[in-house]
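[1] Got a sequence here, can you model it:
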Amino acid sequence: MPSTGGLLKRQVVFERLLTENFIANVPGVPDPLHGREIWRLGAQAMLDGFPDLRIDVEDMFGAGDKVAVRVRFRGTHRGEFQGVAATDLPISFRSAEVYRFEGDKIAEEWVAPDMISLMQQITSRPKSAGPLTP
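    Just a heads-up that it's a prediction; the model follows:
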């Protein structure tokens, strides 16, 4: 498993690939979000919840200034994510993503992660585990 330091270095490198006025279009949010900080917060939330997170590109194609990517995320739920305490359960889910470029930098993204699948994986409990307690 990569060290947290290695993941953070990669996060910083990737952040440099974003334009200063980066725009994120995410499900459930009515208006686009602006700025590199938005990307940083989303990436950090994923790394906090899944420190061994791996992202595999399954498909990629482009036209004009846009690139579409189909990715699979895999990892282990070892930290809090979306209010769910660590379960140590393995996760695997897909996302369809489109990136718009300005020159050699990402200016805008549209992401559609399968959050229903992810949340089902970290909130499912075997029947033998008994009822959830507050």
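[2] Residue 29: how many residues sit nearby?
    For residue 29, the count of nearby residues is 10 (other Cβ atoms under 10 Å). Every residue, glycine included, has its C-beta placed from N, CA and C.
[3] That one should be in a strand, yeah?
    No. According to DSSP: H, G, I helix; E, B strand; the rest coil, residue 29 belongs to no strand; its state is coil.
[4] Quick check: longest strand in this structure by residues?
    Using DSSP state E, we find that the single longest strand of the chain is strand 90-102.
[5] hey, where'd the strands end up in the chain?
    Using DSSP E, strands in the chain cover 18-25, 33-34, 54-63, 66-76, 90-102, 105-113.
[6] so can I have CSV of those showing distance to residue 83?
    Converted to CSV, the strands of the chain look like this (distance: least, Cβ to Cβ, whole Å):
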stretch, distance to residue 83
strand 18-25, 21
strand 33-34, 20
strand 54-63, 23
strand 66-76, 18
strand 90-102, 16
strand 105-113, 17
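[7] low pLDDT regions in the chain?
    1-11, 125-134 (pLDDT under 70).
[8] switch the cut-off to 90
    Across the chain, the ranges flagged by pLDDT under 90 are 1-16, 124-134.
[9] before we move on, the earlier item: so in that sheet, which strands flank the longest strand of the chain, and in what orientation?
    strand 66-76 (antiparallel), strand 105-113 (antiparallel) (DSSP bridges).
[10] what sits up against that strand?
    Here strand 90-102 makes contact (Cβ atoms under 8 Å, 6 or more residues apart in numbering) with 19, 50, 58, 65-77, 106-115, 117-118, 121-122.
[11] Going through these, which ones are buried?
    19, 50, 67, 69, 71, 73, 75-77, 106-111, 113, 118, 122 (16 or more other Cβ atoms under 10 Å).
[12] sorry, back to before: would you list the strands paired with strand 90-102 in JSON lines and tack on distance to residue 38?
    Formatted as JSON lines, the strands paired with strand 90-102 follow (distance: least, Cβ to Cβ, whole Å):
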{"stretch": "strand 66-76", "distance to residue 38": "19"}
{"stretch": "strand 105-113", "distance to residue 38": "10"}
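[13] Mind checking those strands for the one nearest to residue 32?
    Ranking the strands paired with strand 90-102 by proximity to residue 32 (Cβ to Cβ) places strand 105-113 first, at 7.7 Å.
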